[in-house]
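Enquirer: have a look at this prediction, sequence included:
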Amino acid sequence: MAETVESLESPKGAAEHRGPSEILLKGTGYGVRMIFPESVPDDSLLEDLNRFSGDAARLARGIGVVLDLQGRTLSRAFLLRLLSEFVWTGDFRVLSWMSYNADTLDLLRSSGFSTGEPSAGKSEKRENGPNSLVLIQSLRSGQRVEHDGDVVLLGHMNEGAEIYASGNVFVRGRLKGVVHAGMHGGEFSISAGQFEARQVRLGGKLCSSLGADIEWWGKAVVISLEKDSLVVRELKL
């Protein structure tokens, strides 16, 4: 069964979705880059990181993470708290730290930490194929994953979670969040074991206003972009 979805728009900047309190996970050649929001107060950021630590450990196990502070000004006191309350208690390996704040970089380097982009060849990347990121977990509301390649989520994707990929996106469980596949164009698809999303994006096309009244709601489907229209096919798993 194939169904063409007609309600399409071409949103401007569709991939530019990020709330001020979100922690962004980005798949890279060396592992996972964890990007901290700049505008969140120190105490709130630590609370978010503590809630996120288990997911970060599962995602980065065996490949390591880079902690990207962006332009945040890092004090010595907060660096110590960040280490003792998040890094040292987390079951993951920190490859390096990144920042474009000169004072923060000076503090990190004087404290003996590796800074900058690590080499992709220094770590073993877990792949399901070329440029694939495999997530053995579920994604909660507020969690966002961005990857240059395919993303495979072997758990559920809850409402409020986001996945942005330049390739295909496969969600083994329930898909209720926002997915954008083929961010840079090309022929890619979105697959879900149980589709319950209110909108999906493929390339520059957006399909919104989806709901439980559609025939394939709650079913296993694959959605592809064909002749400028989104085509949905039900999967018999």
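Expert: Nice, I can see it. Keep in mind it's a predicted model, so treat the numbers as computed, not measured.

Enquirer: distance from the chain centre to stretch 70-81, please.
Expert: 24 Å (CA atoms, centre = their mean, to the nearest Å).

Enquirer: beta partners of the residue nearest the centre of the chain?
Expert: Central residue of the chain (CA atoms, centre = their mean): Val145, 0.1 Å from the mean position. Here Val145 shows beta-bridge partners Leu25, Ile163, assigned using DSSP bridges.

Enquirer: could you measure from the nearest residue to Ile136 once chain neighbours are set aside over to Gly29?
Expert: Among residues not flanking Ile136 along the chain, Leu154 sits closest, at 5.1 Å (CB to CB, 6 or more residues apart in numbering). Glycine gets a C-beta too; all of them are placed from N, C-alpha and C. According to CB to CB, to the nearest Å, Leu154 and Gly29 sit 21 Å apart.

Enquirer: tell me the contacts of Asp43?
Expert: Asp43 makes no contacts at all, as judged by CB atoms under 8 Å, 6 or more residues apart in numbering.

Enquirer: correct me, but the residue nearest to the centre of the chain touches Leu25?
Expert: Yes: counting by CB atoms under 8 Å, Val145 does reach Leu25; the two are 4.9 Å apart.

Enquirer: the bottom helix or strand of this protein by mean pLDDT?
Expert: strand 8-9 (a mean of 39; mean pLDDT, DSSP states H and E).

Enquirer: domain parsing of the chain, as residue ranges.
Expert: Per the record, the chain has its domains at 24-122, 127-234, by automatic domain parsing.

Enquirer: in what helix or strand does Lys80 lie?
Expert: Not quite, residue 80 is Leu, not Lys. Following DSSP states H and E, one finds Leu80 within helix 76-82.

Enquirer: now for whichever helix or strand comes after that helix, which elements pack on it?
Expert: Later in the chain than helix 76-82, the nearest helix or strand by DSSP H and E is strand 94-98. Counting by 3 or more CB pairs under 8 Å, 6 or more residues apart in numbering; DSSP states H and E, the packing neighbours recorded for strand 94-98 are strand 65-68.

Enquirer: who does the strand it packs on pair up with?
Expert: strand 32-35 (parallel), strand 94-98 (parallel).

Enquirer: what's the burial count for the closest residue to Ala192 other than its chain neighbours?
Expert: Spatial nearest neighbour of Ala192, excluding adjacent residues (CB to CB, 6+ apart): Leu175 at 3.8 Å. Using other CB atoms under 10 Å, Leu175 has 30 neighbouring residues.

Enquirer: to Val134, which of the strands paired with strand 65-68 lies closest?
Expert: strand 32-35 (11.4 Å; CB to CB).

Enquirer: quick one, phi/psi of Val179?
Expert: phi -120, psi 130 (degrees, to the nearest 10).

Enquirer: so for stretch 212-230, what gets flagged as buried?
Expert: By 16 or more other CB atoms under 10 Å, the buried positions in stretch 212-230 come out as Trp216, Lys219, Ala220, Val221, Val222, Ile223, Ser224, Leu225, Leu230.
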